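>>> 3D, please:
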Amino acid sequence: MKTLIIAFFVLFSVTTYAQSPYEKGMIQGLAFWKSGKTTEAAAQFERIAQADPENWIPPYYQALIGTTAAFATSDQEEKLKLIENTKIILNNSSQDRNSEWLTLKAMNLVAELTTDPMTKSQTLAPTIYALYEKAIQLDPNNPRAVLGLAEFQIGSKKYFKQDTSKECEAVKKALNLFETHKPTLPFAPTWGKERAEHIVQNCGQ
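Here you go, the predicted model:
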């Protein structure tokens, strides 16, 4: 899962123009995260979110940190704690028509499903599919939504030893979308291309 986490790190080029307090705060939070200081990064994004409650991007990164940390840890108690804390963030915002937000909600549920697949797949899988599908419906060109659904389907089909060629094509589509889908807001999500490349390389194996 280390590759997954590395793929989520967001890299930004910092220009020399005068930066607003928001920009400085976001850049510092992302720098914390990139350097492995996840606690400091999450706290930084939480402070920004409290100062600007109408802006969905700071809590998005706070939730993304929690979700990726949940995938990374092998401590079951810590994993569940991270998932539940992240779920509070994700459910505490009316972003039902935000493709990126719904994609992240689905990811957090995938992390929860991995804690006990045999027991939780029946209840969580339909919700995960529905979230990914709605995210794609809202923005068909969102590469993270397309990638997330395809990767989840690949995992499910591999479990049942089914053919994943259709899903591999969807990942290739997502990879192409990373080249054309440009964020419309500063600091909007851009992660995922490296993950798509990794999956494409291993598709069919």
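>>> so how far is K157 from L104?
Distance of L104 to K157, computed by CB to CB, to the nearest Å: 23 Å. Backbone N, C-alpha and C define where each C-beta goes, glycine included.
>>> now swap in T184 and tell me
Note on T184: its distance to K157, by CB to CB, is 34 Å.
>>> just want to know which of those two has more residues nearby.
K157 (15 against 6; other CB atoms under 10 Å).
>>> show me the contacts for the more buried one.
Counting by CB atoms under 8 Å, 6 or more residues apart in numbering, K157 touches D163, T164, E167.
>>> helix, strand or coil for the first one?
Right, D163. Following DSSP: H, G, I helix; E, B strand; the rest coil, we place D163 in the coil state.
>>> can you give me the neighbour number for it?
10.
>>> not counting sequence-adjacent ones, nearest residue to it?
Excluding the flanking residues, the one nearest D163 by CB to CB, 6 or more residues apart in numbering is K157, at 7.0 Å.
>>> which pLDDT value goes with that neighbour?
As predicted, K157 sits at a pLDDT of 90.
>>> could I get the host helix or strand of it in PDB with only the CA atoms?
Assigning secondary structure by DSSP states H and E places K157 in helix 143-159. Extracted in PDB, the C-alpha atoms of helix 143-159 (Å, rounded to 0.1, in the frame of the first residue of the first chain):
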ATOM      1  CA  PRO A 143      -9.900  11.100 -13.600                       C
ATOM      2  CA  ARG A 144      -9.900  10.300  -9.800                       C
ATOM      3  CA  ALA A 145     -13.600   9.200 -10.000                       C
ATOM      4  CA  VAL A 146     -13.000   7.000 -13.100                       C
ATOM      5  CA  LEU A 147      -9.800   5.500 -11.600                       C
ATOM      6  CA  GLY A 148     -11.400   4.900  -8.200                       C
ATOM      7  CA  LEU A 149     -14.400   3.000  -9.600                       C
ATOM      8  CA  ALA A 150     -12.200   1.000 -11.900                       C
ATOM      9  CA  GLU A 151      -9.700   0.100  -9.200                       C
ATOM     10  CA  PHE A 152     -12.500  -1.000  -6.900                       C
ATOM     11  CA  GLN A 153     -14.000  -3.200  -9.600                       C
ATOM     12  CA  ILE A 154     -10.600  -4.700 -10.300                       C
ATOM     13  CA  GLY A 155     -10.200  -5.600  -6.700                       C
ATOM     14  CA  SER A 156     -13.700  -7.200  -6.600                       C
ATOM     15  CA  LYS A 157     -13.300  -9.100  -9.800                       C
ATOM     16  CA  LYS A 158      -9.800 -10.400  -8.800                       C
ATOM     17  CA  TYR A 159     -11.300 -11.700  -5.600                       C
END
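>>> now do the buried residues in it.
The neighbour-count check on helix 143-159 (16 or more other CB atoms under 10 Å) flags 143-154, 156 as buried.
>>> immediately after it, which helix or strand?
helix 165-180.
>>> cool, thanks, signing off.
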